[in-house]
Every structure is written in C-alpha cells, then in structure tokens.
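Undergrad: sequence unavailable; structure follows:
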C-alpha cells in the first residue's frame, strides 16, 4: 500500500505481549487514519459500561496517511480513549516530532490494552519493539522523563509521556509530546492507570507514496501559501494564538463576562508577549512557526524558560482566573506541561472554585485555607501543585468539571459551564452554543465551531459560501465544519493554531472544497478518492463518535444549552432554550439522528457503511449518562 504501512501495533500490558497486525485496506479507506481509525477500535473493543480508569479501557495512538510525507503541517497524532473526566469519547491531538517518528517506524496505529503491574515504557525502533521497566522514571515530570529517555536512547527520538498528574489519575491529565505539545481529554490518566509512563520511538523508514513527484508539487504549493499569505506570514508566524487576545473575547472571572479587545489588560494583550519572546518554534514539517519560545527576564521568576504559550493558557489560567500578569501565567503554563495537564479544564476548575468562594458557596476551610482571591497568583500556583499531586482540596478539583461539582454539591454545578465534561463558557443560541452542545468530546472549539463561524479566514469563508461549497445557514455551516475537522484529524494534519479552513483542508484556497485534498490523497495513497468520498469519511467518523457516546448513555438531554441561574429562570432564558432546542432538532435531522433522543438512526448509519454499529446500538440496553463513575478520594495514588 501507499501512504499507509497497513500496520497496527497491539500492546497488551497485562500479559506483556507486542503484536503487529494488518489493519486492512477497507478499514483504512473508510476511516483514513488518526481520529477515525482510533474511533473504530474504541467502538469495537471498549465495553459500553467500562470504567475509564479500569484495565478494560483502551488507548489508541494514530497519525495519518499524510504524516511523514512531503505535505506540510502533518506531524500530528490523535490520542483516543474513553475520557476519565467525561466517560465519553476523550481524544486529543498532539504535534512536535513524536507523530513523525511514529509513522516512520512503520506504524499507522498503536493500540494499548490491559494494565501492567509495574511502571513500563514502550520502546520502538523501526521493527524492534519492547516494553522496558519505567520504575526509575515514575515520579518524574514530563520534561525530566523526556530528558532521561533521550540520555538512554539518543536525541533523535520522539517521546509521548505522562507526568505526575497522569500517575495520580488527575482526570484531565494529558499525554505530552516532546515536552510542549499536549494531547488532552484525559489520556494521561488512562496511561497512568495502565502504568504506562511513556512511548519512545525512533523511526527512519520512508513512507511509501504512489506519485512522489506529484505529491511534492502539491505539497510545494501548500507550503508556499503559508510562507507568503499575508495573514499566515504576518500574524500566525509572528504572534500565533496570541492573536486571539484581540479577537476572540476571552472569558473573565469564570466567564462572568467576555472581554473585548479594549478590555483585555495591555500587559497580556497580543503584542505584550513579544517582550518575553526569544524565538519561534514549529512542529516538524510546519512552515508557520506559530509557537513562541520565551524567557522571563526579571522578577521572582527570572530565567524561567518555556515554549508554546498559547491563547488557551493565557485565557484559562490567566484572565478567566483573574490573573492578569504575564510572568505567573507563564509559570503556570510550564507547570501544566511538566505535570501533564490540559490548561483548559485546569483553568476552568480553578476559576470555578474561585467563583464559588467569592459567592460564599465555599469557605476558606473547604479550600484548605488557600486565599483564592481572583488576583492571588501565589495561591493559584500552589493550588496547581495540589491538583497535580492530589493533595487536599486539589484532589477534588482533580476530579474534573463534572466530578468536582458533584463532590462539592450545594448547587455548585450552576456555575460550571461544562457540556459533557468540558466547559467552553456560556453563550446564547447560535453557532457557538450549538457547536459546544454537539461536539463529540465535550464542549469544544476544535470540533467545528471556529470553522463554522469563519472567524479566521477573511474573504475565503465568504467565497466558499457564495460558491456553494459550504451551506449558508448556521446548521449547514456547522455540519460541514464538523466533517472537515474530522477529516483533518484523520489525515494527521494540523488544523492550525489560528484555526482556519486553509489548514483544515489542504489546498482549499485553490481547489475548493475537497478538490485539492482528493489530488493529494491520490498522489499519496494511489487511491482515487472522490470529493464526495472524503465528505462521507468525515460524516462517517462524526456519526460513529455519536454512536460511541450513545452506547455510554449520551442522549439529547446531554447536548444542553449552558445557562447561569440568573438567566435560566426568566422568560428570556426559557425562550433561549426553546430556540436552542429547535436548532438541535434540525441539527439531528440533518446529521442523521433520531430527533427525539439524538441517537444516530439506522438508516444514516447504513448509508455510511456502519450497519454493524446500528446492530450494536439496538442490541445493547439503554444507559443513562451522568458523567464518570467517581472513586473515593482515598483510592487514588498520591504524588
């Protein structure tokens, strides 16, 4: 085959077995790679009632057919599991060198099952694969682990590992690629539950492609666009996601309001971060260099260095938590990377706790005497340590956005904006609220929302609508965007730090909408994918994910409109819920789901070649989703 190696590595940690197996052209053609390939394994192999932190859960790693080829921005790997914070699909996406090295070792997917009795790491060097004792690394943070493994195996390796937060089963712990790229949604806790400290890989195989000359020409056009386009060159490559501080209305004080560009404090506004920048960084094969390299020049944190200080870290750990000084935000970003935690739920839960304390729902005794005033940076840094190590009140917040609210009680969930386990704020009916509600991994901007809103594509988005490539109505825009993002995550390509259609679909600016990708896929794989086949692949992946969640009890009630109590109990609040419900009904109808319960319909599944998925949904008992099964806090390992 071309584009793929047609090879899956299956790792059973319980018995220590390592086995390569053929994936099959039919599966690869249907699901392409990455996210789709992982979804298929999870649906088939994880019991619908499995505790995400039990040995029954499965974790999958998969790049895509474009990873390791000449096509730029393709060093991405999807990490998929059942999320311990949500008890539904929990998949993240990471970059840097690890995905490239994994693909070039000859693997399209790694599937990890079972649980080891002792800490281990997986060492892959092309065809050589072994499980190694990781006891010496248990207790190390991700930076220490990466450095230690490079001393053993050499500097030319990719490392995916967990820090102490994964070891203590913090439910939103991440897998960290090469120190600075976070594959989120709880995968780090699943690795910790399996005693898998790291996957280390060196790969030097050449990815076979069908037409190398044609692929290089197409890849050259794609790369040239990002090197010369004014927005990509002057904004993305210069300030990266810091651009969003002036355009994306970050939340303030647990989303009490959303700040306009003029309201964002100047010391943490877009251009202010240049003071700390010492260079730019990019994932392997990426021409954009969207990530900063920074150093704190003065003050109590002088000399601290880091990289990839993203908008989400500044927003979630900073502005939304009331921290408006740059140095402590950089320190907290580094702590999240070192411990191995996603900054979004980490910041959300801290802001939630601060809000509850300010409202009198929590007392100082409840939070172990920590002064969680909005601007107290030292107390927030201390709380991050306690969350990662599961100490005191920190262990409650380590339960995630659903679990923390359940443990706190006192109607605290009314000030928690989570949808299916992840919070992205509260918005009136429309694209934002609908996208958060229908996202298959909990409220999320990367499942389609940014693309449906067209916030980062200038004139291109309008042109695609005018030319009929994207529907003009809100629901149609969202459906098309969800499918495009699904295809992108299957390819092994980055959706862009400043999320844009030109990233999601290669050459969309020249051959809209999937015409360019069809050419790229033909040159890479030798398969003449039609544009409609690529659309159907995205649709297949999305509906499969909805089916996977439905097996775990997710129904229409879970796809909620977030409302705070001061709005919820008013006539306006009722009217907004009715408007959201009407949009949700139409969304289900057009997505191919039963509008009464939101579950994928047999007819839609069969049309996508997923008849066996429909069989499973009909054969299994109806379940009620209520978040993850919680453990007594005393049952968790302590850091």
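TA: Great, that's in hand. Predicted, not measured: the structure shown is a model, and the values here were computed from it.

Undergrad: identify the bridge partners of residue 62.
TA: Following DSSP bridges, residue 62 is listed with bridge partners residue 78.

Undergrad: give me the neighbour count for it.
TA: 34 (other C-beta atoms under 10 Å). (Glycine included, C-beta is placed from N, CA and C.)

Undergrad: is it in contact with residue 108, as I believe?
TA: Yes. The pair residue 62 / residue 108 is scored as a contact, 6.4 Å apart, by C-beta atoms under 8 Å.

Undergrad: what is in contact with these two at once?
TA: 33, 37 (C-beta atoms under 8 Å, 6 or more residues apart in numbering).

Undergrad: ok, the residue nearest to residue 604 when sequence neighbours are not counted - contacts?
TA: Distances taken as C-beta to C-beta, 6 or more residues apart in numbering put residue 592 closest to residue 604, at 2.6 Å, once the chain neighbours are dropped. Applying C-beta under 8 Å, 6+ apart, we find residue 592 in contact with 543, 600-601, 603-605, 607.

Undergrad: just those residues now: which is nearest residue 140?
TA: Nearest to residue 140 among the contacts of residue 592: residue 543, at 40.9 Å, using C-beta to C-beta.

Undergrad: surely that closest one touches residue 603?
TA: No. With contacts counted by C-beta under 8 Å, residue 543 stays clear of residue 603, the gap being 11.2 Å.

Undergrad: who has more neighbours, these two?
TA: More neighbours surround residue 543 than the other of residue 543 and residue 603, with 24 against 9 (other C-beta under 10 Å).

Undergrad: buried subset of the contacts of residue 592, written for ChimeraX?
TA: Applying 16 or more other C-beta atoms under 10 Å to those, the buried members can be selected in ChimeraX as follows:
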select :543,600,601,604,605
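
Undergrad: what's the distance between residue 583 and residue 549?
TA: Distance, residue 583 to residue 549, by C-beta to C-beta, to the nearest Å: 19 Å.

Undergrad: ok, those two, which is more surrounded?
TA: Between residue 583 and residue 549, counted using other C-beta under 10 Å, the more crowded position is residue 549 (26 against 21).

Undergrad: what about the nearest residue to the more buried one once chain neighbours are set aside, neighbour count?
TA: Distance criterion C-beta to C-beta, 6+ apart; nearest residue to residue 549, sequence neighbours excluded, is residue 88 at 4.6 Å. Neighbourhood size, residue 88 [other C-beta under 10 Å]: 27.

Undergrad: ranges for the strands of the stretch 51-200 of the chain?
TA: Using DSSP state E, counting those that start in this stretch, the strands of the stretch 51-200 of the chain run over 59-62, 77-82, 89-94, 109-113, 120-125, 128-133, 158-161, 175-177, 181-183, 196-202.

Undergrad: in TSV: those, plus distance to residue 320.
TA: Converted to TSV, these look like this (distance: least, C-beta to C-beta, whole Å):
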stretch	distance to residue 320
strand 59-62	29
strand 77-82	25
strand 89-94	21
strand 109-113	34
strand 120-125	35
strand 128-133	40
strand 158-161	28
strand 175-177	22
strand 181-183	18
strand 196-202	31
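
Undergrad: nearest to residue 371, of the ones you listed?
TA: Closest among the strands of the stretch 51-200 of the chain, once you apply C-beta to C-beta, is strand 181-183, at 28.6 Å.

Undergrad: and that closest one, average pLDDT?
TA: Mean pLDDT, strand 181-183: 96.

Undergrad: so what's residue 455 scoring on pLDDT?
TA: Predicted confidence (pLDDT) at residue 455: the value is 82.

Undergrad: cool, residue 463 as well?
TA: With respect to pLDDT, residue 463 has a value of 96.

Undergrad: name the nearest residue to residue 472, sequence neighbours excluded.
TA: residue 465 (5.2 Å).

Undergrad: in the host helix or strand of the one you found, what counts as buried?
TA: Taking DSSP states H and E as the criterion, residue 465 maps to helix 459-466. Neighbour counts over helix 459-466 (16+ other C-beta under 10 Å) mark 460-461, 464-465 as buried.
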